[in-house]
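A.B. asks: What follows is a protein structure lacking sequence information:
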């Protein structure tokens, strides 16, 4: 199956009310395990990939090594693979475009791109973030790739949960509209947990909405009811796998 065919399949899996559940992988072995369990697609998680290779998150892992891991994951299964590219590995939009091109060569059919600075976690200006997404879109178009750009906004992720309100929702929607205009295909809003705010976002967003599932998040069935199109699990599959390994060691096997 060609990459553009995989890309079209991946795109079709984003349906509001029938969310695509992605259990983020970190190497070829975890990719095979998730694929063998019946997943329709694969997504890497930057935190997990970095941790599995001895690095902290925040683009501390060299881009070349990250692309090598991506290529190994792509080769491990026939499923579509989307890659977490953090903030795009570059200060300038041109460098983000180069990162996108490298990921396409490695076999990815989509990516996540964050609108925060990897070094501090602070939000970029909306126009700057949109310019980086536009560069990503242009790079994918130049490659002739059916490439799903999932624009991650950290508006809720960087705010304490007890401050989540309609003001943050409005700020998120400003970014959603700008990112859609820049060529993004999806909107990833980690940190968003309130059912009322999730419902309001899915109703108003110009892009299909992706949330990250943690212990405090509604169930996937509830998220489907709220109109979510994609659910990610971030570092939690890796953390659970390591917890299981540690438990086996403590039990003596």
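C.D. replies: Noted; the coordinates are in hand. Computed from a predicted structure; not experimentally measured. Numbering: from 1, shown residues only.
A.B. asks: which parts of stretch 137-155 are buried?
C.D. replies: For stretch 137-155, burial by neighbour count (16 or more other Cβ atoms under 10 Å) applies to 137, 139-140, 145-155. Every C-beta, even on glycine, is put in place using the N, C-alpha and C of the backbone.
A.B. asks: Okay, and the residue positioned nearest the centre of the chain sits in which element?
C.D. replies: The geometric centre of the chain, computed from its C-alpha atoms, lies nearest to residue 112 (Cα atoms, centre = their mean), at 4.0 Å. Residue 112 is located in strand 110-114, with elements delineated by DSSP states H and E.
A.B. asks: Name the residues that touch that strand?
C.D. replies: Residues from elsewhere that reach strand 110-114 (Cβ atoms under 8 Å, 6 or more residues apart in numbering): 7, 10, 43, 46, 80, 82-88, 96, 100, 103, 132-133, 136, 147-154, 184-185, 188.
A.B. asks: mind checking how far it is from the chain centre?
C.D. replies: 5 Å (Cα atoms, centre = their mean, to the nearest Å).
A.B. asks: Packing partners of the helix or strand following that strand?
C.D. replies: For strand 110-114, the following helix or strand on the C-terminal side (DSSP H and E) is helix 126-142. Contact analysis of helix 126-142 by 3 or more Cβ pairs under 8 Å, 6 or more residues apart in numbering; DSSP states H and E lists helix 93-106, strand 110-114, strand 148-152, helix 166-182 as its packing neighbours.
A.B. asks: Can you name the residues in contact with helix 126-142?
C.D. replies: 87-88, 93-94, 96-98, 100-101, 104, 111, 113, 115, 123-124, 147, 149, 151, 153, 174-175, 178-179, 181-184.
A.B. asks: now swap in stretch 170-179 and tell me
C.D. replies: 115, 126-127, 129-130, 133, 151, 153, 155-156, 187, 189, 201, 204-207.
A.B. asks: Kindly provide the distance from residue 90 to residue 97.
C.D. replies: Distance, residue 90 to residue 97, using Cβ to Cβ, to the nearest Å: 8 Å.
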